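K.L.:
here is my input; please provide its structure:
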Amino acid sequence: RRMIETLNRDCFCVSLDKDALRRALEADPAAHGLHQLIEERCPHLFASMPLFVSREHVDAMGRLIRAVEEVVALPAYREAALARAPAIARHDPGAAGAFIGYDFHIGDSGPRLIEINTNAGGALLNAVLARAQRACCKEIEAMVSGPVPATDLERTLFEMFATEWRRSGRSGLRLVHLGGLPRL
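P.N.:
Model prediction:
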């Protein structure tokens, strides 16, 4: 954990390449004007530097996520949660939710869950962001890469969506690559 604290305090060798981010956003015809909108309205949407997270904290977040999902799956919890909900809330679409997000803040006492949400737009923005990160050397690049290479992230996200589409009983979905992001 000390190494992670040192990296967060002293490591400036991974940064956001703002030109690469602009090019990535502008390469997608569906995102026309998005870069300019981000610059005007929320110029700090993308952090310039990464936050390194310890394996201990990642594991703690994983345990909490599993616990939440176990509780939510309990019939008694579902009945209590739905007791005051409108009838439409009882509809089970069959899909688990490809873009369920568990948002954590990490402080001195470790990770704290602050929100559970769905954020498909945020996932796609992070896919673009992953392609705009620059590391100073191969060792740092290997350390900060995720389980899916940045070049495959959009396809992985769309495949998650397609899986959810099929789970909900739908068919006829196919991905077409038109430059930039794949299209449904």
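K.L.:
helices of the protein, start to end?
P.N.:
Assigned helices in the chain, in chain order: 2-10, 18-26, 34-41, 55-72, 75-82, 120-131, 138-144, 153-167 (criterion: DSSP state H).
K.L.:
out of the ones you listed, which is closest to A95?
P.N.:
helix 153-167 (4.1 Å; Cβ to Cβ). No exception for glycine: its C-beta is placed from N, CA and C like everyone else's.
K.L.:
give me the distance from that closest one to the chain's centre.
P.N.:
13 Å (Cα atoms, centre = their mean, to the nearest Å).
K.L.:
tell me what that helix is packed against?
P.N.:
Contact partners of helix 153-167 among helices and strands, from 3 or more Cβ pairs under 8 Å, 6 or more residues apart in numbering; DSSP states H and E: helix 120-131, strand 182-183.
K.L.:
ok, back up a step: which stretch in the helices of the chain has the least confidence?
P.N.:
Within those, the least confident segment by mean pLDDT turns out to be helix 138-144, at a mean of 69.
K.L.:
for R112, which of the helices of the chain is the nearest?
P.N.:
The stretch from those with the least distance to R112 (Cβ to Cβ) is helix 55-72; that distance is 9.2 Å.
K.L.:
now the closest one: buried residues?
P.N.:
Neighbour counts over helix 55-72 (16 or more other Cβ atoms under 10 Å) mark H57, A60, M61 as buried.
K.L.:
quick one: closest of the helices of the chain to G110.
P.N.:
Distances from G110 to each of the helices of the chain were compared by Cβ to Cβ, and the smallest falls on helix 55-72, at 5.9 Å.
K.L.:
ok, now how distant is the residue sitting nearest the centre point of the chain from R22?
P.N.:
By Cα atoms, centre = their mean, the mean C-alpha position of the chain lies nearest to A123, the distance being 4.1 Å. A123 sits 20 Å away from R22, taking Cβ to Cβ, to the nearest Å as the criterion.
K.L.:
same check on M3?
P.N.:
Shown here: M3 relative to R22, a distance of 33 Å by Cβ to Cβ.
K.L.:
so for these two, which sits in the more crowded spot?
P.N.:
Neighbour count, other Cβ atoms under 10 Å: between M3 and R22, R22 has more, with 16 against 10.
K.L.:
which ones are touching the more buried one?
P.N.:
The neighbourhood of R22, defined by Cβ atoms under 8 Å, 6 or more residues apart in numbering, consists of H35.
K.L.:
go on, the one 10 residues further on?
P.N.:
Taking Cβ under 8 Å, 6+ apart as the contact definition, H32 lies against E26.
K.L.:
sweet, I'm off.
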